[in-house]
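Q: following is a predicted model, sequence given first.
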Amino acid sequence: MPEVVIDHKEELKWENKLIDSYTNESRDDGKVHVSDLLICMRKPEIQRQYEPSWTMRTLLMFTFGKSFEKFIFQTILPEATRELEVEEDGIVGHIDFATDDLDYECKLTWTKERDDPNDLFEKQWYWLEQAGTYAIMRRRYSCRFAVIHIPSWPVPSLRIYRVTWTKEELGELWEIMQNRKEYYLSMITQGKYPHKTQHKQFCKSCAVEEICGKLSEG
């Protein structure tokens, strides 16, 4: 049996390169993005001013997601427009894959697939807010989600979900997003940070949690 050891030095090199790749990708275009208005409106402003502290788990999830999207684009949806930019009333979004039929959002989740897909989307409600906002901008009522479930056991599984909203549901969502945008811009204009999110379960894995805790409440 040959000697096998963990090459910590090489691991560190890879990790640093991965961190650098996402640090160089940070966004500061001065626009209000759909993602800014979902879970936490405080986070994007802090990320624009401070260096995020990424965990390797988070960066690997990002990387898996990008690899999944690359595979879809090259193999399954080569006719789609990848990262289509859409904008309406001062809110900008980027659709993962836009097609003439329905648009697609690609997601990875650590949860097992469920017999009832509503169980998944009740937990991942912000996916629906994001995709619903895109649907409004595209003048559509439906979209699809390509989701890879990555539980520890059994092996990962792929599910395609189709989501359809009513006109009333999208109208209510658009009003919510507009109100969030106005609040967000108002706080930034005053030189203040938006309030911390009420969804505290997301703070544990947040890349700016430590910095956020040291800043004054908006």
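A: Alright, I've got the coordinates.
Q: and the gap between the residue nearest to Glu113 when sequence neighbours are not counted and Asp116?
A: Spatial nearest neighbour of Glu113, chain neighbours left out: His149 (4.7 Å); criterion: Cβ to Cβ, 6 or more residues apart in numbering. (C-beta placed from N, C-alpha, C; glycine too.) From His149 over to Asp116 the distance is 14 Å, taken as Cβ to Cβ, to the nearest Å.
Q: what's the answer for Leu108, then?
A: 20 Å.
Q: compare the two (neighbour count), which wins?
A: Neighbours around Leu108 and Asp116, counted as other Cβ atoms under 10 Å, are more numerous at Leu108. The numbers are 16 against 8.
Q: picking that back up, can you count the residues close to the residue nearest to Glu113?
A: Close neighbours of His149, defined as other Cβ under 10 Å, add up to 19.
Q: which helix runs longest in this protein?
A: helix 167-189 (DSSP state H).
Q: check what contacts that one and list those residues.
A: Applying Cβ atoms under 8 Å, 6 or more residues apart in numbering, the contact partners of helix 167-189 are 32, 34, 36-37, 41, 45, 89-91, 129, 132-133, 135-136, 141, 165, 193-194, 218.
Q: report the separation between the residue positioned nearest the centre of the chain and Lys43.
A: Nearest to the mean C-alpha position of the chain, by Cα atoms, centre = their mean, lies Ser35 at 6.5 Å. Using Cβ to Cβ, we find Ser35 at a distance of 9 Å from Lys43.
Q: likewise for Leu12?
A: 27 Å.
Q: tell me which of these two has more neighbours.
A: Per other Cβ under 10 Å, whichever of Leu12 and Lys43 has more neighbours is Lys43, with 25 against 10.
Q: tell me if I'm right that that one and Ser205 touch.
A: No - using Cβ atoms under 8 Å, Lys43 makes no contact with Ser205, being 11.3 Å away.
Q: helices or strands next to the helix or strand Leu59 falls within in the packing?
A: Assessed by DSSP states H and E, Leu59 sits inside helix 56-71. Here helix 56-71 touches helix 8-23, strand 104-109, going by 3 or more Cβ pairs under 8 Å, 6 or more residues apart in numbering; DSSP states H and E.
Q: any buried residues in the longest one, and which?
A: So that's helix 8-23. Neighbour-count burial for helix 8-23 flags 18-19 (criterion: 16 or more other Cβ atoms under 10 Å).
Q: what packs against it?
A: helix 56-71.
Q: what angle do the helix it packs on and helix 8-23 make?
A: With axes from the mean of the first three to the mean of the last three Cα atoms, to 10 degrees applied, the angle from helix 56-71 to helix 8-23 works out at 60 degrees.
Q: in PDB, list the C-alpha atoms belonging to helix 56-71.
A: Provided in PDB are the C-alpha atoms of helix 56-71 (Å, rounded to 0.1, in the frame of the first residue of the first chain):
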ATOM      1  CA  MET A  56     -15.700  26.800   1.500                       C
ATOM      2  CA  ARG A  57     -19.000  25.000   1.700                       C
ATOM      3  CA  THR A  58     -20.800  28.000   0.200                       C
ATOM      4  CA  LEU A  59     -18.300  28.500  -2.600                       C
ATOM      5  CA  LEU A  60     -18.400  24.800  -3.500                       C
ATOM      6  CA  MET A  61     -22.200  25.000  -3.700                       C
ATOM      7  CA  PHE A  62     -21.800  28.100  -6.000                       C
ATOM      8  CA  THR A  63     -19.300  26.100  -8.100                       C
ATOM      9  CA  PHE A  64     -21.600  23.000  -8.300                       C
ATOM     10  CA  GLY A  65     -24.400  25.300  -9.400                       C
ATOM     11  CA  LYS A  66     -22.400  26.900 -12.200                       C
ATOM     12  CA  SER A  67     -21.300  23.500 -13.400                       C
ATOM     13  CA  PHE A  68     -24.900  22.400 -13.500                       C
ATOM     14  CA  GLU A  69     -25.900  25.500 -15.500                       C
ATOM     15  CA  LYS A  70     -23.000  25.000 -17.900                       C
ATOM     16  CA  PHE A  71     -24.100  21.400 -18.500                       C
END
